Every structure is written in C-alpha cells, then in structure tokens.
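# Need a 3D model of the sequence below.
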Amino acid sequence: MDIPDFFERYEWSCEEVEPGIWRASFADEREEEYDLFVAETDDWLHFAISPLTPRLTLECAISLHETLLRLNQSLRLARLALDDEGDVALLADLPLDELRFAHFAAVLDALTGYTRRLGGELSRVATQPGYRSPLF
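Below you'll find the predicted structure:
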C-alpha cells in the first residue's frame with residue numbers, strides 16, 4: 001500500500017515523519033491549522049487529528065469531557081479521545097484488508113468535516129470556563 005499515493009490522489013501533500021507514519025496539514029475557515037497523522041500497522045491504518053483543541057484549562061475539564069462523550073454518540077467513522085498528554089484527538093481506523101482509495105478518502109472527508117464543524121466550538125469549551133456551545 002502506498003499511503004503517499006493515496007494522499008496525492010486526494011490532492012494533499014504529506015511527509016513521512018517516521019517509518020510508517022505520515023503527516024499532512026489542513027486549515028479550517030478560521031485559518032486554524034490542524035495536523036493529520038496516518039500510521040500504518042500490521043493490520044490497520046490509524047488516523048489522528050491531534051491536537052484538535054488547545055490544551056484544556058483545569059476549570060473546563062468536566063465540561064469538555066462531558067461534551068466529548070456526548071459527541072461520540074453522533075460521530076460516524078470517527079471518535080473523540082484524550083491522549084496521554086491531555087490533548088483532544090479526533091481518531092479513525094481502517095482495516096488494511098482490501099483497503100481502497102475510496103475508504104481512505106471517506107475517512108479524510110469525515111475527519112476534516114468534523115474538524116471544521118466542531119474544532120472551534122470544542123476549543124472554546126476547552127478553554128473558556130462556563131462556555132456552553134449551541135451546537136451540542
């Protein structure tokens with residue numbers, strides 16, 4: 001499987017940051033930049049947009065955690081998570097068996113769509129105590 005070829009077909013550039021791990025970047029309407037990482041393992045292709053939000057403030061932790069849990073119920077092809085450093089990540093996985101470009105593109109479409117729709121609001125939930133988004 002040629003991940004750089006998939007990115008090229010998607011009309012994105014990427015760089016291999018480590019063997020088996022590629023990074024691409026994109027921006028939302030507010031011109032916020034996001035990094036997308038794709039990692040190939042023996043059986044899976046793992047996708048991560050991380051960090052999705054700025055580092056959360058302690059006062060916002062409970063609100064953000066509740067919001068992430070609620071949102072996970074409505075996401076398709078993706079899920080929200082907290083990594084070991086407390087960063088919010090948007091994740092997806094595809095099995096490598098019979099992987100096609102259409103599957104790869106569908107995951108990128110979903111991840112970028114969710115990022116553009118939710119990233120700004122989640123950033124406010126993560127950093128502004130008491131903020132309640134009208135979106136969720």
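# for this structure, what's the longest helix?
Ranked by residue count, the top helix of the chain under DSSP state H comes out as helix 101-127.
# quick one: average confidence on that helix?
Averaged over helix 101-127, pLDDT sits at 96.
# which other helices and strands contact that helix?
helix 3-9, strand 33-40, strand 44-49, helix 61-72, strand 88-95 (3 or more Cβ pairs under 8 Å, 6 or more residues apart in numbering; DSSP states H and E). Glycine gets a C-beta too; all of them are placed from N, C-alpha and C.
# For residue 120, find the nearest of the ones you listed.
The closest of these to residue 120 is strand 33-40. By Cβ to Cβ, the value is 11.2 Å.
# hey, C-alpha coordinates of the closest one in PDB?
Provided in PDB are the C-alpha atoms of strand 33-40 (Å, rounded to 0.1, in the frame of the first residue of the first chain):
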ATOM      1  CA  GLU A  33      -4.100  24.800  11.100                       C
ATOM      2  CA  TYR A  34      -4.500  21.100  12.000                       C
ATOM      3  CA  ASP A  35      -2.100  18.200  11.700                       C
ATOM      4  CA  LEU A  36      -3.400  14.800  10.400                       C
ATOM      5  CA  PHE A  37      -1.300  11.800  11.200                       C
ATOM      6  CA  VAL A  38      -1.700   8.400   9.500                       C
ATOM      7  CA  ALA A  39       0.100   5.400  10.900                       C
ATOM      8  CA  GLU A  40       0.300   2.000   9.300                       C
END
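# Span of stretch 69-78 from start to end?
13 Å (Cα to Cα, to the nearest Å).
# Any idea how far that stretch is from the middle of the chain?
Offset of stretch 69-78 from its chain centre (Cα atoms, centre = their mean, to the nearest Å): 12 Å.
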